[in-house]
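# Provided below for reference: sequence and predicted model.
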Amino acid sequence: MSEIYDLLGSMVLDAPTFIDQSGSFPDRNVESRFHQLAGGFELVKAKLGETRYASLVELAAQAKALFADDPEDTNGKTDQGRALLFEIEDIIQATRAERTKERLPDEEGNVTGD
């Protein structure tokens, strides 16, 4: 889940187009970033639970649509999309905090919240 949190941070900064300005990742765009995010959700679905997972998928779909509707960051939808990314971050962090509180181990057997 920490990797999803890191991804969200970079998405907030790269919104609304998510295009890599350095040229190192020429295929990066809205579609590829949200595909990556959805894949992350899928990987931790069991840790999230069905309800949180469904909420995250829905929030991500809404955010993606907002960014697509504001590619020049001129009509306010990019800010709305970023707010949804922050909501996703909050859900991820709450899940990590609960896992730590309940002392649930990660794949390596450590209690990290992941």
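Sure thing, it's come through. Numbers count the residues shown, from 1 in each chain.
# mind checking the end-to-end distance for stretch 7-23?
18 Å (CA to CA, to the nearest Å).
# what sits against the closest residue to Pro105 other than its chain neighbours?
With CB to CB, 6 or more residues apart in numbering as the criterion, Pro105 has its nearest non-adjacent residue at 5.7 Å, and that residue is Val111. Quick note: C-beta positions are derived from backbone N, CA and C, even for glycine. Applying CB atoms under 8 Å, 6 or more residues apart in numbering to Val111 gives the contacts Arg99, Thr100, Arg103, Leu104, Pro105.
# in this protein, which helix is the longest?
helix 77-101 (DSSP state H).
# residues in contact with that helix?
1-2, 4-5, 8-9, 11-12, 15-16, 47-48, 52, 55-56, 59-60, 62-64, 66-67, 69-70, 111-114.
# ok, stretch 35-46 next?
With CB under 8 Å, 6+ apart, stretch 35-46 has contacts from Met1, Glu3, Ile4, Leu7, Leu8, Met11, Leu48, Tyr53, Leu56, Val57, Ala60.
# please redo it, this time with the cut-off set to 7 Å
Met1, Glu3, Ile4, Leu7, Tyr53, Leu56, Val57, Ala60 (CB atoms under 7 Å, 6 or more residues apart in numbering).
# residues of that stretch that come out buried?
By neighbour count on 16 or more other CB atoms under 10 Å, the buried set for stretch 35-46 is Leu37, Gly40, Phe41, Val44.
# out of those, the closest to Gly76 would be?
Checking the buried residues of stretch 35-46 against Gly76 by CB to CB gives Leu37 as the nearest, at 22.0 Å.
# for that closest one, give me phi and psi.
phi -60, psi -50 (degrees, to the nearest 10).
# quick check, central residue of this structure?
Per CA atoms, centre = their mean, the C-alpha nearest to the average position across the chain is that of Leu8, at 4.3 Å.
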